[in-house]
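[1] Predicted model follows, preceded by the sequence.
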Amino acid sequence: MRRVVISGLGLVAPTGVGADAFWRALLEGRCGIGRITRFDPTSYPCQVGGEVRDTSYEALLDPRTLRTTAHATQLAVAAAELAARDARLDTRSCEPDLVGVVLGTALGGWRDAAQQQGILLERGARRVNPFIVSGTPNHAPAAEVASVFGAQGPQLTLSAGCPASLQAIHLGATLVAGGDLDVCLAGGTESPLIPMVLAAMGRTQELCVLNDDPARASRPFDCQHAGIVLSEGSCVVVLESAESAARRGVRPYAEVLGGASSCDARGMYGYDPSGDPGARAVRRALSRSGLASDEIDYVCAHANASPIFDRKEALVMHAAFGEGVRRIAVSSIKGIIGHPFGASGAFQVAATVMAIRHQILPPTHNLELPAPECDLNHVTGAPRVASIRHALITSYGYGGVNSYLVLGVMGVADRPALA
């Protein structure tokens, strides 16, 4: 098994395009959430979201991609291009069968499908985009990324809800570790800001309705956490072996040490009140990484400002780490970017590798007074300088899905390879 590193980051986010803009926003508290402009949200309970307003990423796409693909696919292709540039990776010099793509998404091309349904009803069949059927399936983003990079290895799409992109990165790293791939472009993409999604989730009262102050609407772990603020975007990372990165003279951001997933098996909307299924998966992820529980320095939490999911986060953490949980620094990035569904885990990976590289923990913005049931060692207010050797990323989703990934600093020679 080979050691696997993250050598490139590509992000198209509500906070801007590129890893530097994303990282500065997390440190400075520059929120990407505002009033929705994609359509008139006045009649909806939730009227705010994290839109990608910086369209400079479109310059990375060819005219065919812009004409024939869904928004989620365009975001993914742009993020993958940025990641490859960041890693100084030219896939033309690679064996094509050993270059793969693994992406995660929850909704894929729903936005474009809904738009074309409206056109069909209003203007008739002859006005429908002929590429809508081939352009909107969940696997379309991975197919287009593979086309751009000539990646003829496995092209895989995971769609396990919100944890999809974290699972995609874990799977991609496993393929590289086992020698199935030399390089893998892995991550997630999402574009959920459409009337149907906001209407349906508004009826289930899962979305935040603090419309008068968008920048403070998403409040992870806070006693006033009032629900999810949806957002769109894509994050893709370059995974490769440590030896490959060294040969190309690239300084990796971090090493992927291991991961695990589980399910609460309580249906789409229930979760195990003991936290044990998640805690057992956390312990498996640590064991596969060759780490003890007291070697985790930081947790980049799923915490999406939904009281239910924030509560589950703390429940699993306490079940997994016991009293040791009070030592581990915890923060969520979703006060800044909102919740991009299936892409959220990949964005958390990007935040974590930047934290490891700079040895700085981003705070949970909008967290002023933690909810009593979210009793953790929160990073609040300002960024915190810290010694970060190992970090855990958590992701939870509908259906009781629990996913975890462990990252570490480079340069620990006696560490086991990814399992």
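    Received it, and whenever you're ready, just let me know what you need.
[2] So Arg96 is in contact with Gln152, correct?
    Quick fix: residue 96 is Pro, not Arg. Yes: counting by Cβ atoms under 8 Å, Pro96 does reach Gln152; the two are 4.0 Å apart. (C-beta placed from N, C-alpha, C; glycine too.)
[3] Could you tell me which residues within stretch 369-385 count as buried?
    Neighbour-count burial for stretch 369-385 flags 370-371, 374, 376, 378-380, 383-384 (criterion: 16 or more other Cβ atoms under 10 Å).
[4] For it, report the contacting residues that lie outside it.
    For stretch 369-385, contacts defined as Cβ atoms under 8 Å, 6 or more residues apart in numbering pick out 27, 221-225, 303, 307, 310-311, 313-315, 317-318, 325-331, 359-364, 367-368.
[5] Sort out for me which of these are in strands.
    329-331, 360-361 (DSSP state E).
[6] Tell me which residues touch Thr15, please.
    21-22, 25-26, 30-32, 336-337.
[7] Can you tell me what sits against the worst-scoring helix or strand of the chain on mean pLDDT?
    Within the chain, no helix or strand scores below helix 132-135, which has a mean of 88 by mean pLDDT, DSSP states H and E. In this structure, residues lying in contact with helix 132-135 by Cβ under 8 Å, 6+ apart are 68-70, 73, 109, 112-113, 116, 129, 140.
[8] can you map out the strands along the stretch 51-200 of the chain?
    Per DSSP state E, counting those that start in this stretch, the stretch 51-200 of the chain carries strands over the ranges 99-104, 155-158, 183-190.
[9] what residues are up against the closest residue to Ala386 other than its chain neighbours?
    Of all residues not flanking Ala386 in the chain, Leu361 sits nearest, at 5.2 Å (Cβ to Cβ, 6 or more residues apart in numbering). Each residue near Leu361 by Cβ under 8 Å, 6+ apart is listed here: 298, 329, 331, 355, 379, 383-386, 388.
[10] which residues does Leu361 bridge with?
    Arg384 (DSSP bridges).
[11] Please report how far it lies from Arg326.
    Leu361 is 16 Å from Arg326, where distance means Cβ to Cβ, to the nearest Å.
[12] Let me see the domain layout of the protein.
    4-247, 254-408 (automatic domain parsing).
[13] Just the terminal-to-terminal distance for the first one.
    To tie it back to what came earlier, the one meant is domain 4-247. 14 Å (Cα to Cα, to the nearest Å).
[14] From the chain's centroid, how far away is it?
    How far domain 4-247 lies from its chain's middle: 8 Å, per Cα atoms, centre = their mean, to the nearest Å.
[15] for the shortest one, same thing?
    The chain centre lies 12 Å from the centre of domain 254-408; the measure is Cα atoms, centre = their mean.
[16] For the stretch 301-419 of the chain, just list every one of the helices.
    Using DSSP state H, counting those that start in this stretch, the helices of the stretch 301-419 of the chain run over 307-321, 334-337, 344-358.
[17] thinking again about what came up before, out of the contacts of stretch 369-385, which are buried?
    Those of the contacts of stretch 369-385 that meet the buried threshold are 27, 221-222, 225, 303, 307, 310-311, 313-315, 317-318, 325, 328-331, 360-364, 367, by 16+ other Cβ under 10 Å.
[18] if we can go back for a sec, per-residue confidence at the residue nearest to Ala386?
    As predicted, Leu361 sits at a pLDDT of 98.
[19] same check, this time on Asn129
    So, for Asn129, pLDDT stands at 89.
[20] quick one: the helices in the stretch 1-150 of the chain?
    Going by DSSP H, counting those that start in this stretch, the stretch 1-150 of the chain shows helices at 19-28, 63-68, 71-86, 110-123, 132-135, 140-149.
[21] and the angle for the fourth one with helix 140-149?
    Note on geometry: by axes from the mean of the first three to the mean of the last three Cα atoms, to 10 degrees, helix 110-123 and helix 140-149 are set 110 degrees apart in direction.
[22] Give the buried residues for helix 110-123.
    Applying 16+ other Cβ under 10 Å to helix 110-123 flags 110-113, 115-116 as buried.
[23] Residues contacting that helix, please?
    Contacts to helix 110-123, defined as Cβ under 8 Å, 6+ apart, come from residues 70-72, 127-129, 132, 135-136, 191-197.
[24] switch the cut-off to 7 Å
    Helix 110-123 has contacts (Cβ atoms under 7 Å, 6 or more residues apart in numbering) with 70-71, 127-129, 132, 135-136, 191-192, 194, 196.
[25] how much does it deviate in direction from strand 183-190?
    Using the same axes, to 10 degrees: helix 110-123 against strand 183-190 is 50 degrees.
[26] can you tell which of the helices of the stretch 301-419 of the chain is closest to Val236?
    Closest to Val236 of the helices of the stretch 301-419 of the chain, according to Cβ to Cβ: helix 344-358, at 7.0 Å.
[27] Which neighbouring elements make contact with that closest one?
    When contacts are defined as 3 or more Cβ pairs under 7 Å, 6 or more residues apart in numbering; DSSP states H and E, helix 344-358 packs onto strand 4-13, helix 19-28, helix 164-177, strand 183-190, strand 233-241, strand 298-300, strand 390-397, strand 401-408.
[28] Contact partners for Gly399?
    Gly399 neighbours (Cβ under 7 Å, 6+ apart): 161, 263, 268.
[29] Make JSON lines from the helices and strands packed on helix 344-358 and add distance to Gly290 and mean pLDDT to it.
    Shown next, in JSON lines, are those (distance: least, Cβ to Cβ, whole Å; pLDDT from 0 to 100):
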{"stretch": "strand 4-13", "distance to Gly290": "14", "mean pLDDT": "98"}
{"stretch": "helix 19-28", "distance to Gly290": "28", "mean pLDDT": "98"}
{"stretch": "helix 164-177", "distance to Gly290": "13", "mean pLDDT": "98"}
{"stretch": "strand 183-190", "distance to Gly290": "22", "mean pLDDT": "98"}
{"stretch": "strand 233-241", "distance to Gly290": "18", "mean pLDDT": "98"}
{"stretch": "strand 298-300", "distance to Gly290": "18", "mean pLDDT": "98"}
{"stretch": "strand 390-397", "distance to Gly290": "10", "mean pLDDT": "98"}
{"stretch": "strand 401-408", "distance to Gly290": "9", "mean pLDDT": "98"}
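[30] most tightly surrounded among the ones you listed?
    Of all the helices and strands packed on helix 344-358, strand 183-190 has the most neighbours on average by mean count of other Cβ atoms under 10 Å, namely a mean of 34.
[31] which helices and strands sit right next to that strand?
    Counting contacts by 3+ Cβ pairs under 7 Å, 6+ apart, strand 183-190 packs against helix 71-86, strand 99-104, helix 140-149, helix 164-177, strand 233-241, helix 344-358.
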